[in-house]
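> Let me see the structure of the following:
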Amino acid sequence: MSAPRRRPPGQRCTGERGDYSMFIAIVAAALLLFGGIAYDAPRLITARQHAIHNANEAARVAAAVVAAGGTLQEAENEATRRVAAAGSLYGAPTSVDTPLDCVGNRVEVTVRTWYSNRSAIAIFRQQQPIIATGAAEAELVGPDGQPVPLGYLPECPLRA
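Next up is the predicted model:
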């Protein structure tokens, strides 16, 4: 075997073979990452909006149950049924956090769900938890259709 040839001092290497491969690898990885963001970001926003909508609907149902004379447990059950009836988005179930928050005539419901990343972002984070809180205020109406002067729901304390 012969010894490798040495380059004379002061002479530059003219072989540029492989110089662009590192650049292409970095650009390809960046394109995959940005493509993943472009794919997952709108889906994550949709999942968050779906959770907020479910929380608001559950709060409306819970406030209506309490205003109609139901207990907080009945309101919680109805809120859970409402969220279950809405179905899941992207395969992630939505659940109601308990207990409900009820002060005066305002009822708050918190729901939990998650979004599973489907692109290259899943390498960094597989799932993103989503927690949304919805609120509803109930106005008591008497049998004659006029608002009742009572400024709070019977089941809800006046202060937190």
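
> Looking at stretch 44-56 now, give me its mean pLDDT.
For stretch 44-56, mean pLDDT rounds to 94.

> Which parts of the chain are helices?
With helices called from DSSP state H, the chain shows them at 19-67, 72-86.

> Which of those helices has the highest mean neighbour count?
helix 72-86 (a mean of 18; mean count of other C-beta atoms under 10 Å). In this view, the C-beta of every residue, glycine as well, is placed from N, C-alpha and C.

> Give me the residues contacting that one.
The contact list for helix 72-86 (C-beta atoms under 8 Å, 6 or more residues apart in numbering) reads 50, 53-54, 57-59, 61-63, 65-66, 70, 94-96, 98-100, 102, 107, 109, 111, 155-156.

> separation between the residue nearest the centre of the chain and residue 121?
Among the residues of the chain, residue 130 comes closest to the average C-alpha position under C-alpha atoms, centre = their mean, at 3.0 Å. Using C-beta to C-beta, to the nearest Å, we find residue 130 at a distance of 15 Å from residue 121.

> That'll do, ta.
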